[in-house]
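Trainee: Sequence plus the predicted model coming up.
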Amino acid sequence: MSPIANPHELLRFLEELPEPNELRVELIDGKIVLQASATPFHQLIVSDLACRFDRDHWEALPGQAVGSSDSSFEPKPDLVVTTRDAITGNPHPLPCGSAALVAEVIADNREVDRIKKLAWYGGSGIPLYLIVDPHDGSCQLHSQPYSAGYRTRTTTEFGRPIELPKPFDFALDTTKFKLYPPRRPVR
């Protein structure tokens, strides 16, 4: 339970504020999380993924909020893949049942994407969850959702295709994905 009476109302208020530099506002585990804009390598991966889904007549929605009956979460995955029919009525946040796949490109906090969001996306019934990690050059495709996450995980390295199951039945090309450069020490 969130200490805020209705965290979704606060989220709507924050979304209405001018967002400097595309600041992302999410509700994660009952806490409002503000995240700075992503790096160019991060954005290129999201763009490459979106283009691939668009080619196969899927709707790829970057930064689209998703929601379920769990009032402590309202994340904005880097990419939500759905169909045009599933978004009739323009719902916001998009109900999890309308998403065929969500993708996160890890920026800094691996725990949120690999643990908290993984459990929530699976528990909310989203069929596929793709995690792309430019820190180590890996992609994890999680499938077969259940109440605590996903039953199946397939890991591939950058440069190798990610085979997507039905309803997609195609492979995602990862040859253009780039590793983040090493961080420079702060002085």
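Mentor: Yep, it's here. None of these values were measured; they are calculated from a predicted model. Numbers count the residues shown, from 1 in each chain.

Trainee: Any stretches of the chain with poor pLDDT?
Mentor: 1-5, 11, 14-15, 17-22, 185-187 (pLDDT under 70).

Trainee: How many residues are close by Leu101?
Mentor: Counted with other CB atoms under 10 Å, residues neighbouring Leu101 total 25. The way it works is simple: take the backbone N, C-alpha and C, and place the C-beta from them, glycine included.

Trainee: That one contacts Tyr129, doesn't it?
Mentor: Yes - here Leu101 reaches Tyr129: they are 7.3 Å apart, a contact under CB atoms under 8 Å.

Trainee: Do a quick rundown of the helices in the protein.
Mentor: 7-16, 40-55, 110-111, 117-123 (DSSP state H).

Trainee: Leu79 bridge partners, please.
Mentor: Bridge pairing for Leu79 (DSSP bridges) gives the partners Pro62, Ala103.

Trainee: List the contacts of it.
Mentor: Val46, Leu49, Ala50, Phe53, Ala60, Leu61, Pro62, Leu101, Val102, Ala103 (CB atoms under 8 Å, 6 or more residues apart in numbering).

Trainee: Now list the buried members of those.
Mentor: Applying 16 or more other CB atoms under 10 Å to the contacts of Leu79, the neighbour count classes Val46, Leu49, Ala50, Phe53, Ala60, Leu61, Leu101, Val102, Ala103 as buried.

Trainee: Excluding covalently adjacent residues, which one is nearest to the first one?
Mentor: Sequence neighbours aside, Asp78 is the residue nearest to Val46 in space, at 4.9 Å (criterion: CB to CB, 6 or more residues apart in numbering).

Trainee: ok, the one you found to Ile115 distance?
Mentor: 17 Å (CB to CB, to the nearest Å).

Trainee: Looking at these two, which is more packed in?
Mentor: Neighbour tally, Asp78 and Ile115, criterion other CB under 10 Å: the higher count belongs to Asp78, 26 against 13.

Trainee: Contact partners for that one?
Mentor: Ala38, His42, Val46, Pro62, Gly63, Ala103, Glu104, Val105.

Trainee: Verify the stated contact: the third one with Val105.
Mentor: Yes - at 5.9 Å, Val46 and Val105 qualify as touching, with contact defined as CB under 8 Å.

Trainee: Quick one: distance of stretch 79-86 to the chain centre.
Mentor: On the basis of CA atoms, centre = their mean, to the nearest Å, stretch 79-86 sits 13 Å off its chain's mean C-alpha point.

Trainee: My error: substitute stretch 56-64 in the last question.
Mentor: 11 Å.

Trainee: what does stretch 92-101 give?
Mentor: That offset, for stretch 92-101, works out to 11 Å (CA atoms, centre = their mean).

Trainee: ok, and for it, which residues are buried?
Mentor: Pro93, Leu94, Pro95, Cys96, Ser98, Ala99, Ala100, Leu101.
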